[in-house]
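Colleague: Here you go, sequence then predicted model.
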Amino acid sequence: MESYCGGPFRYQVKSLDMRRCWILSMLVFWLGGVALESGVWAEPVKPALEAGVSPVIRVNLDEALGLFLSQNFEVMVRKYGIESAKAKEMTASLFPNPELSVGLFSSVTQGCNTARCGGVLPQVSQLFLIAGKRGYAIERAALGTAGAEAEFEDAIRQLSATVKETYFRVQVIREHLDVDRKIKVRLDNLIQETAADSAINVGERKRIRLELLAVKAEHEVIKDLRALGEASLDLRMLLGLRPEVTLVLLSPLAYTRIEPDMQTLRETIMNTRPDLRARRLLSARRRTELKLAKAFQFPDISVGAGLMLQGPQGPDNQQQWNLGISVPLPIFDRNQGGILHAETAIQMAEAEYGQVLNQVLNELEASYYRFLESRRLVEMYQQGVLDRALTLLETAQRDRQKGQLGILELVDAVRAAHETKEDYLEALFSYQRAVIRLENAAGQTLP
């Protein structure tokens, strides 16, 4: 037995899956309420703008998703698509309007004219759809609404992944900026230390080398600032915020080991991916359209009733009533082309569903292998690489204080340690991005 899932996402499911359907349906509304519950919207953004002060919004990842769902303009536009589909569903449920026709008649014999022997013939006719046409039209419109809601949910899935990835991209750029600024500060301090060096030949070369390294470090800082501005702009646009708003992100770029159950993900992906559900709904709609096309083989019936209102002189028996039925004769056009078109549309929908399903399964596998590679790289750094880089830096600083290490060798050790940390940050971001893309491919949040 099949039924329609209610709530914000209405689609056809087996009765045993109704509970799961409701859980998935309420996901967007739950995310949308996160920001309200956490007080994000309580920030005085508008008053601050009116006062000429740049407002500051502090959000963690869940609160950013809540802002996205409530303020993103693309989400708002896609919601109108659902309302448009509901309007078509409402139209399909309406009955045809009755038709009123009024005619005048008179006799032209026996000295009659319109004034003496005229009459009025009002008539009301009603069209009756037979062979289940109205029911099939309602079913088709309902499946169209369910498909629009599934497409909306799929858009939320993809855009939410974009928000998460952009959020952590901002975080990793800020971490890179912090590392590059520390390198710049160390180089500036070393330049000041060598400013009083009296060794003209070697000392001058060292100072020039340090100044060149400082310029390069400043260049890296400027690149980070530019990238941070672009990433922050992308995030503000996704969250529907004005450029004057300063975002403070509270969720850190941290590592949490995840062990996804791929067997379960493969088995449940057909129910968790809304784009697959939208394709199944499209196939069901095409089958309903075939039923509707076959129903058009049978002509609809128009029933009319009227009353002849005449004067006392005729031209016929006075106050007569009439009842008529009209029906087209399906001799030539029996909707042969419409039936063929509907059958072809079913085949196309099923082929497209198979293509999308194959693409989704391959996307899941590819995302899983990228996830494993990223996780292995992060754990390799955590298993001693970072500690050895820190030990190298500390040893180089002690040797420099003892006079056993040249200034340029110290700079090389500093740069190696900081570059190792930057590589670790990049690996950490790649891991977080791989988790997001695996969740997006699976259509659900990983535990």
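Modeller: Now that the structure is in, tell me what you want to look at. What you are looking at is a predicted structure, and each value in this text was computed from that prediction instead of being measured.
Colleague: thought Gln297 was touching Pro330?
Modeller: Yes: using C-beta atoms under 8 Å, Gln297 makes contact with Pro330 at a distance of 6.5 Å. The C-beta positions use only the backbone N, C-alpha and C, and glycine is treated the same way.
Colleague: which stretches of the stretch 51-200 of the chain form helices?
Modeller: 61-71, 73-92, 114-117, 133-194, 200-239 (DSSP state H, counting those that start in this stretch).
Colleague: Considering these, which stretch scores lowest in mean pLDDT?
Modeller: Lowest mean pLDDT of those: helix 114-117, a mean of 70.
Colleague: In it, which residues are buried?
Modeller: Cys117 (16 or more other C-beta atoms under 10 Å).
Colleague: How about the contacts made by Lys133?
Modeller: Neighbouring residues of Lys133 by C-beta atoms under 8 Å, 6 or more residues apart in numbering: Leu292, Ala295, Phe296, Asp300.
Colleague: Just give the number of residues close to the first one.
Modeller: Burial of Leu292 is recorded as 22 neighbouring residues (other C-beta atoms under 10 Å).
Colleague: and it, what helix or strand is that in?
Modeller: Element membership of Leu292, judged by DSSP states H and E, is helix 274-295.
Colleague: Which elements pack onto that helix?
Modeller: On a contact count with 3 or more C-beta pairs under 8 Å, 6 or more residues apart in numbering; DSSP states H and E, helix 274-295 meets helix 133-194, helix 262-272, helix 336-380.
Colleague: Just name the most buried of these.
Modeller: helix 133-194 (a mean of 19; mean count of other C-beta atoms under 10 Å).
Colleague: quick one: that one to chain centroid distance?
Modeller: Relative to its parent chain, helix 133-194 has a centroid offset of 11 Å by C-alpha atoms, centre = their mean, to the nearest Å.
Colleague: Run the angle between that helix and helix 274-295 for me.
Modeller: Orientation of helix 133-194 against helix 274-295 (axes from the mean of the first three to the mean of the last three C-alpha atoms, to 10 degrees) gives an angle of 160 degrees.
Colleague: angle of helix 133-194 against helix 200-239?
Modeller: Here the directions of helix 133-194 and helix 200-239 differ by 160 degrees (the same axes, to 10 degrees).
Colleague: okay, now Ser101: neighbour count?
Modeller: Count around Ser101 with other C-beta under 10 Å applied: 11.
Colleague: For it, list the residues it contacts.
Modeller: Taking C-beta under 8 Å, 6+ apart, one finds Pro122, Gln123, Val124, Ser125 in contact with Ser101.
Colleague: which of those tops the neighbour count?
Modeller: Within the contacts of Ser101, most neighbours by other C-beta under 10 Å means Gln123, with 18 neighbours.
Colleague: Which residues are in contact with it?
Modeller: Gln123 sits next to Leu100, Ser101, Val102, Gly103, Gly304, Ala305, Gly306, Leu307, Asn322 when contact means C-beta under 8 Å, 6+ apart.
Colleague: In the sheet, which residues pair with it? Tell me.
Modeller: Ser101, Gly306 (DSSP bridges).
Colleague: what's the distance between it and Gln383?
Modeller: For Gln123, the distance to Gln383 equals 90 Å [C-beta to C-beta, to the nearest Å].
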